[in-house]
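> Got a predicted structure plus its sequence, pasted below:
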Amino acid sequence: MKVSHITIAIGYFLFTTLTLFSQNKKKTDSLKIIVAQKKTSDSTLVVAYNELGIQYASSNYELSKQYIMKALVIAKRSNNKRGMAGAQNCLGIIHYYKKEYDSALVRFNKALTINKKEKYLWGQASALFQMGVIHKYQVNHLEAISNFQKAKSVFELRNDSISIAKSIENIGTSYHLMGYNQKAMSFYLEANEIYERKQNLIGIGRIYHHMGRLYLKQKKYKKALEYENKALNEIIKVNNPKQISVIYLEMGKCYLGLKQYEKALQFYKKTLDARILLKNKKNIAIAQIRIGEVYFYLKEYRKSIEFLKKALENLTLKGDYFDRIMANNMIGKSYLAINKLSLAHEHVKKAINLSEKLDNLEKQKTSYITFIDVLEKQGRVNSAIKYAQKVNRLNDSIYKIDELKKVKELQVIYELNEKEKQISQQKNEINFFKKESEIKELRVNILVITIVVFFIFLILGFYNHKQKISKSKLKIKNSLLEKEKLNAEIAFKKRELVTHTLQITKKNMVLEKLKKHIEFAIQHKESSVEHNHRTLLHIIKNELMHDKEQWNNFKNSFEKVHPSFYSRIKERYPNITSGELRLLALLKMNLSYKEIGGVLNVTYDGVKKATYRLRKKVGITSEKPLQNVIDEF
């Protein structure tokens, strides 16, 4: 069973055309209210009229064109460039519906030119994409691929993932239509990766459907069914009846290829039920033709004729040649099978006339072969021979066309390879410039980072230096404070030591005075008080000689001012006496002999003698002052 390029293209259109382009009464009513209001702005009117035109694009060409032309006039009047581009785009769509492909291309090109001047990326990409679709319908697949690739590049600038996937998908269908199945599959898989990443169920379902068709074309019916089932599961989730009906139709074809006629009939009837609800006569007719075909294979010829005639009633447009040829040819075969030769002759003749008008050699050949069978059964052998000769001539023509097609295919392959080389080269150049730009950017970034880091370290260094100076100042300040504190403590201890020394001296002076008075009284023999005086004198003498507590206090105060003085003296001169230690301590305080005498309660000469004995004991010559030795401790 052969699947033609046009069938695939039509199927793709049915599968991908959304309800946006079908008339929606609620939407048209709301749009009409907008355009009827006097205060509506020109920009809003342009959008509303364009949308109204699209709503009527498939059902009322003239009305659709009127609305869009109004949008164009208002856009020109208000110098609304994007509105003008939108109107041109909409006019391209209605030409597309009318199958006026050249006119559609002119409109899309105008839209593209305006959008380029306006630097409106979405408008550019949309126009390029639709031009690709037109080229695909004109079987100009190389141009179609080129336009889809350009559209993809613009969509990439907008980071529009779904539109990128649709462009890749359409490149795949273009290769599919050209018969490059492996290339088509690679693009389908690439598009599907994006759809799955974006969780776009319609896109995923559509890709599975394309893959199913690819396997159907290769007559791998089971594999085709596997993917059509996957497509159906995805499309049911989004509840799109039109797309579901297309999948049912393809599944019917798979079961027909497997000669599972009942299953094929089941899915074709599902297709018909879905399309009756959608109210599209052409699509209903296609389902009826398929049902008629299955009944023919089931040898239920009358049912086959019934459905095929219903299909012809629905095929009212002049352009539906392929379907009308198929329907008439199948009716002719069914009438031939039940031996109604005149009716068979009539319908096959209609198929021949349509195929000749269409100038489709394959359809002519099919119709001629059926007609030969009819003529032979009618006994018109000479006429049958004439048509057999026509078949032979057609075979020669088809062979030549096939040969030319092969040559053209080789040329296309060459051109495709060249295009791919150019694309690859452009990509490499782009990547090179990108890398160069990235390297430059990286260098700039590194320089900026280096400068920033340098300044950060400079600031941190300055801050640390400042902190160190602050810490150093604080340390010096603390040190000075400590020194001041220590000096204050030393001054206090010195004052304390002097105070102790003065106390001892004062006490000794008082005691000395008392001693003299008592001695005077004793010498004059005042007997009454003699005994008491003697006792008192004894106490005073004893106090003068043994005032340990006073000297201990003196020693403690002295040690605080001159730490370890006593221990160092004793360490060097172990034989030194406590009296000599006192003398050394008083000398350390730089007291005069007279002052020392007052403290020790001895005469000036007594101090000198004691000092002389001390010099000898510590082994000091007369040349070296005793004070210098004492200062070492």
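The structure has been received and is ready for your questions.

> Domain-wise, how is the protein divided?
Following automatic domain parsing, one finds the domains of the chain at 1-119, 513-631.

> Out of those, which gets nearest to Asn353?
With respect to Asn353, and counting by Cβ to Cβ, the nearest of those is domain 1-119 at 19.6 Å. Where you see a C-beta, it was placed from the backbone N, CA and C, and this is true even at glycine.

> hey, which of the domains of the chain is tucked in deepest?
Between the domains of the chain, domain 1-119 has the highest mean count of neighbours, a mean of 18, where neighbours are mean count of other Cβ atoms under 10 Å.

> Include distance to Met326 and mean pLDDT when you put the domains of the chain into TSV, please.
Rendered in TSV, the data for those read as follows (distance: least, Cβ to Cβ, whole Å; pLDDT from 0 to 100):
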stretch	distance to Met326	mean pLDDT
domain 1-119	11	80
domain 513-631	126	73
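
> Dump the ones you listed to TSV, plus distance to Gly292.
Shown next, in TSV, are the domains of the chain (distance: least, Cβ to Cβ, whole Å):
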stretch	distance to Gly292
domain 1-119	15
domain 513-631	128
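
> wait, which of those is closest to Leu278?
Nearest to Leu278 among the domains of the chain is domain 1-119; the distance by Cβ to Cβ comes to 8.9 Å.

> Which SSE is immediately downstream of the one helix or strand Arg613 maps to?
Arg613 is located in helix 604-618, with elements delineated by DSSP states H and E. The first helix or strand that comes after helix 604-618 along the chain, using DSSP H and E, is helix 626-631.

> So which elements touch that following helix?
Judged by 3 or more Cβ pairs under 8 Å, 6 or more residues apart in numbering; DSSP states H and E, the packing partners of helix 626-631 are helix 578-588, helix 604-618.

> How about Leu298: what's its closest non-neighbour residue?
Tyr261 (5.3 Å; Cβ to Cβ, 6 or more residues apart in numbering).

> So which residue is dead centre in the protein?
Asn159 (11.1 Å; Cα atoms, centre = their mean).

> for that one, helix, strand, or coil?
At Asn159, secondary structure determined by DSSP: H, G, I helix; E, B strand; the rest coil is coil.

> what are the phi and psi values for it?
Dihedral pair for Asn159: phi 60, psi 40, per degrees, to the nearest 10.

> need the contact list for Met69.
Residues in contact with Met69 (Cβ atoms under 8 Å, 6 or more residues apart in numbering) are 87, 91.

> so is it in a helix, a strand, or just coil?
Three-state secondary structure (criterion: three-state DSSP) places Met69 in helix.

> any idea how far Glu156 is from it?
Plainly put, Met69 is 34 Å away from Glu156 if you go by Cβ to Cβ, to the nearest Å.

> Relative to Ile331, how far out is Val348?
In this structure, Val348 and Ile331 are separated by 8 Å, where distance is defined by Cβ to Cβ.

> typo on my end, Lys303
Shown here: Lys303 relative to Ile331, a distance of 12 Å by Cβ to Cβ.

> Please apply the same query to Asn200.
From Asn200 over to Ile331 (counting by Cβ to Cβ), the distance is 43 Å.

> higher neighbour count, these two?
When Asn200 and Ile331 are compared on other Cβ atoms under 10 Å, the one with more neighbours turns out to be Ile331, at 28 against 21.

> I figured the more buried one hits Glu306, correct?
No. Assessed by Cβ atoms under 8 Å, Ile331 is found out of contact with Glu306, at 9.9 Å.

> what is in contact with those two at once?
Taking Cβ under 8 Å, 6+ apart as the contact criterion, the residues that touch both Ile331 and Glu306 are Gly292.

> For the helix or strand hosting Tyr248, what is the distance to the chain centroid?
Secondary structure here is read from DSSP H and E; on that basis Tyr248 sits in helix 241-257. Here the centre of helix 241-257 is set off from its chain's centre by 39 Å, with Cα atoms, centre = their mean, to the nearest Å.

> next one: stretch 584-600
Going by Cα atoms, centre = their mean, the spacing between the C-alpha centre of stretch 584-600 and its chain's C-alpha centre is 94 Å.

> Can you give me the end-to-end span of that stretch?
Taking Cα to Cα, to the nearest Å, the first and last residues of stretch 584-600 lie 12 Å apart.

> Quick one: end-to-end distance for stretch 571-584.
14 Å.

> any chance you could map the helices in the stretch 251-400 of the chain?
Counting by DSSP state H, counting those that start in this stretch, residue ranges of the helices within the stretch 251-400 of the chain are 261-278, 281-297, 301-314, 321-337, 341-358, 361-378, 381-523.

> Low-confidence stretches in the stretch 251-400 of the chain?
Confidence mapping of the stretch 251-400 of the chain against pLDDT under 70 gives the ranges 317-319.

> can you rerun that using 90?
With pLDDT under 90 as the threshold, the stretch 251-400 of the chain has low-confidence stretches at 278-282, 315-322, 355-365, 368, 381, 383-384, 387-388, 390-391, 393-400.

> where's Asn200 relative to Val154, distance?
Per Cβ to Cβ, Asn200 is found 20 Å from Val154.

> er, Glu418 I mean
To Val154, Glu418 is 23 Å away according to Cβ to Cβ.

> swap in Asp320?
Between Asp320 and Val154 the computed distance is 36 Å (Cβ to Cβ).

> Compare neighbour counts for these two and give me the winner.
Ranked by neighbour count (other Cβ under 10 Å), Asp320 and Val154 place Val154 first, with 22 against 19.

> So the more buried one is in contact with Lys119, correct?
No. Checked against Cβ under 8 Å, the pair Val154 and Lys119 is beyond contact range at 11.1 Å.
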